[in-house]
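Asks: Sequence first, then the predicted structure, then my questions.
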Number of protein chains: 2
Amino acid sequence: MKKAATIRDVAARAGVSVSVVSRVLNGTGPVAPVKRGQVLEAIEALAYRPRAAARELSHGRSETVGLLLADLTNPFFARLADRVVAEARSRDLQILLMTTQEDPHLEGQALDTLLDRSVGGMIGTPTGHNVERWEKLAALDIPVVFVDRSITELDRVDVVSIENVGSAATATGHLLDRGHTRIGIVSGPLDTTTGVERVRGYERALREHGIERDDRLVRPAPFRGDRGADVVAGMLALDDPPTGLVVANTAQVRVVLRMLSQARIAIPDDLSVVVFDDNPWTELIRPPLTAVSQPIDMLALHSVELVHARMRQKLPPAPRRIRVPAEFLERSSTARI
Amino acid sequence: MKKAATIRDVAARAGVSVSVVSRVLNGTGPVAPVKRGQVLEAIEALAYRPRAAARELSHGRSETVGLLLADLTNPFFARLADRVVAEARSRDLQILLMTTQEDPHLEGQALDTLLDRSVGGMIGTPTGHNVERWEKLAALDIPVVFVDRSITELDRVDVVSIENVGSAATATGHLLDRGHTRIGIVSGPLDTTTGVERVRGYERALREHGIERDDRLVRPAPFRGDRGADVVAGMLALDDPPTGLVVANTAQVRVVLRMLSQARIAIPDDLSVVVFDDNPWTELIRPPLTAVSQPIDMLALHSVELVHARMRQKLPPAPRRIRVPAEFLERSSTARI
DNA sequence: AACGTCGGTGGTAACGGTTCCATTTTGGTA
DNA sequence: TACCAAAATGGAACCGTTACCACCGACGTT
């Protein structure tokens, strides 16, 4: 098995210097049309493909983008990954995938290895910790784009997310409009931006309807584990249980639904439910779920577009915050009280 | 921003040569305990981390494993990716993710870029085409592990998959035992191994019960699109429609269920249904689905373990074919006729 | 006719590791 | 104390690119 051709082989066959080959490869300088032709012919003939590692070493940075997601088990992130990979491909970027499993320690490790790989950019859903490390990336001039969530302390990075406050307000308003006055919300942890923003939207809707917030109905739950189910069970065990529920923590909707089903709580008769994130399975559930549908393709598109542009230095330094609207889909899991 | 430390900086600070540093880094030769200490101290002090690209360039191969999956939108592959990433991490391997979207052309491109990156190994769900390119990888001594499916023409690669024939036979047998004699199956394309093997299992079960195969009830469907729904609709429109159905194409179960629901076919009263692959959502569906549950963690574990071992040359050359058993979960979507 | 200018070109030093090989040091043995 | 093998060390070539720089004609200007 003879080894693969290098740039020198190409140069030799085309009768030019390596500089010329490099130039036709990258369009980084003038080349006479005739020689360009010869070079292209040689490349073709030798099936030459530049070694990414060499390029990366000499150039100091790679065409690889680190994608650091929370958890591929959650359909939201899985679909996001799918779209990001597709968008990246169309821009000739590679995706190095890692997951945090929502664990700051794992996230830290992942960031380190991503750094070793001298990735050209990063797209990630931060756990909220490891602030110094994210800062270091940014300080190294490695473009960082947060998607879905962000870290408030970090103002130098781009952020792409949905309109969390507004979406939560809409979801809550939907229940209020249907006569519900006791509405529970299980959010993400309050040290995540999605967690606080969605609660804020919930509160805004309540306020607009002149209803006071009851702390017992506003409960965060971690992304991992089954805590969301306990939290909801707790609410339902109150003397004055909620008649409406907003599950604003995408990672917990499944366990919440399972618990409700096992407890034989009828939806929407006993409880009206709105969930965050619509995935292809939610419409198969009985009853089909009313949901806030996140435009995942837009999230992916903008994230990749941003890192790409930054890698090409094609953007003013000021950080961008892109908020895309989410769609509210009324199905059959909510009813008038 | 001073740039990151290199191996030479470490050597200088520790008062040794770069060779020594390299040796303590890789444990590739003898080093005096004292110097080892100095080197480690210097590494710590300078926060030195070896550049992956440099290592890769000189060594000719990287610690990155290409993961080429069909489609992250399918929960099966998403969960597989999740586990593979986790297993890879615990072995200090990086995962470069690409998707084929079941498109041979995209698969070809992906294989090319993976080659440029001189990945150290590959784990993939082949579309069934691009045989030459897969062959080339193997010829280049890059360990390739097929997971879930494989390509029959390629006998030099390792394969990890479930017991497809047996699982399909069990699923079909389950229906037969409940008195069904007209059983439909929608499989994957017949140019995929999962497609043919599952049909084979189906046939075996029929044969064992002395029932003849009716071609109109054995229909493949592509992985992409909604074809599976049409196929089932077609079966149900027959004069003698099936009373039982095996959906052996994981990518099509969702659309099939949606179609049945829209057509107001009652499960299991009008039709008993067994599906391939159990994902966390199937138990939320009404009725909860009887399913063949694939041991995804085992698939991931073995795949990663295999590439890893091959990359370390720790395995005899003969290709391994690992078949892990799948679990049959009886829920409520199947009934006695 | 002398003089920039500029398109086109080749030589070569990085980039940051690994690895081979020659050399020095160490320790054990006669 | 001399000697030898084994252990420890350093030097330098190499991996495949990119990018800087020097150079060489040809051409257009004064």
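Replies: Received the coordinates, thanks. Numbering: from 1, shown residues only, chains lettered A, B, ... in the order given.

Asks: Just the element for A:L97, please.
Replies: In this assignment (DSSP states H and E), A:L97 forms part of strand A:94-99.

Asks: where exactly do the strands run in the stretch 151-300 of chain A?
Replies: Using DSSP state E, counting those that start in this stretch, the strands of the stretch 151-300 of chain A run over residues A:158-162, A:183-187, A:218-220, A:244-247, A:272-276, A:290-293.

Asks: Do the strand holding A:L97 and chain B come into contact?
Replies: Yes: counting by C-beta under 8 Å from any C-beta of the partner chain, chain B is contacted by strand A:94-99 at A:94-99. Just so you know, the C-beta spots here come from the backbone N, C-alpha and C atoms, and that holds for glycine as well.

Asks: Can you name the residues of chain A sitting close to DNA strand C?
Replies: A:15-20, A:23, A:29-35, A:54, A:57-58, A:60 (C-beta under 7 Å from any atom of the strand).

Asks: before we move on, the earlier item: for A:S90, find the nearest of the strands of the stretch 151-300 of chain A.
Replies: strand A:158-162 (17.4 Å; C-beta to C-beta).

Asks: mind listing what that closest one pairs with, with the direction of each?
Replies: Here strand A:158-162 has these sheet partners by DSSP bridges: strand A:144-147 (parallel), strand A:321-324 (parallel).

Asks: avg pLDDT for the first one?
Replies: For strand A:144-147, the mean per-residue pLDDT is 97.

Asks: so which of the strands of the stretch 151-300 of chain A comes closest to B:V144?
Replies: Going by C-beta to C-beta, the one of these nearest B:V144 is strand A:158-162, 35.6 Å.

Asks: Include distance to DNA strand D and mean neighbour count when you put the strands of the stretch 151-300 of chain A into TSV, please.
Replies: Converted to TSV, the strands of the stretch 151-300 of chain A look like this (distance: least, C-beta to the nearest atom of the strand, whole Å; neighbours: other C-beta atoms under 10 Å in any protein chain shown):
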stretch	distance to DNA strand D	mean neighbour count
strand A:158-162	24	24
strand A:183-187	47	27
strand A:218-220	48	20
strand A:244-247	50	28
strand A:272-276	44	26
strand A:290-293	43	23
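
Asks: For the residues of strand A:94-99 next to chain B, work out which two are farthest apart.
Replies: A:Q94 and A:T99 (17.2 Å).

Asks: could you flag which of the residues of chain A next to DNA strand C are buried?
Replies: Neighbour-count burial (16 or more other C-beta atoms under 10 Å in any protein chain shown) applied to these gives A:16, A:20, A:23, A:31, A:35, A:54, A:57.

Asks: dump the residue contacts of the first one.
Replies: If you count contacts by C-beta atoms under 8 Å, 6 or more residues apart in numbering or on different chains, A:V16 has them with A:35, A:38-39.

Asks: of the strands of the stretch 151-300 of chain A, which approaches B:I337 most closely?
Replies: Taking C-beta to C-beta, strand A:272-276 is the member of those nearest to B:I337, at 35.6 Å.

Asks: ok, the closest one near chain B or not?
Replies: No: against chain B, strand A:272-276 shows no contacts by C-beta under 8 Å from any C-beta, the least distance being 11.6 Å.

Asks: Strand A:158-162 and that strand, what's the angle between them?
Replies: Here the directions of strand A:272-276 and strand A:158-162 differ by 160 degrees (axes from the mean of the first three to the mean of the last three C-alpha atoms, to 10 degrees).
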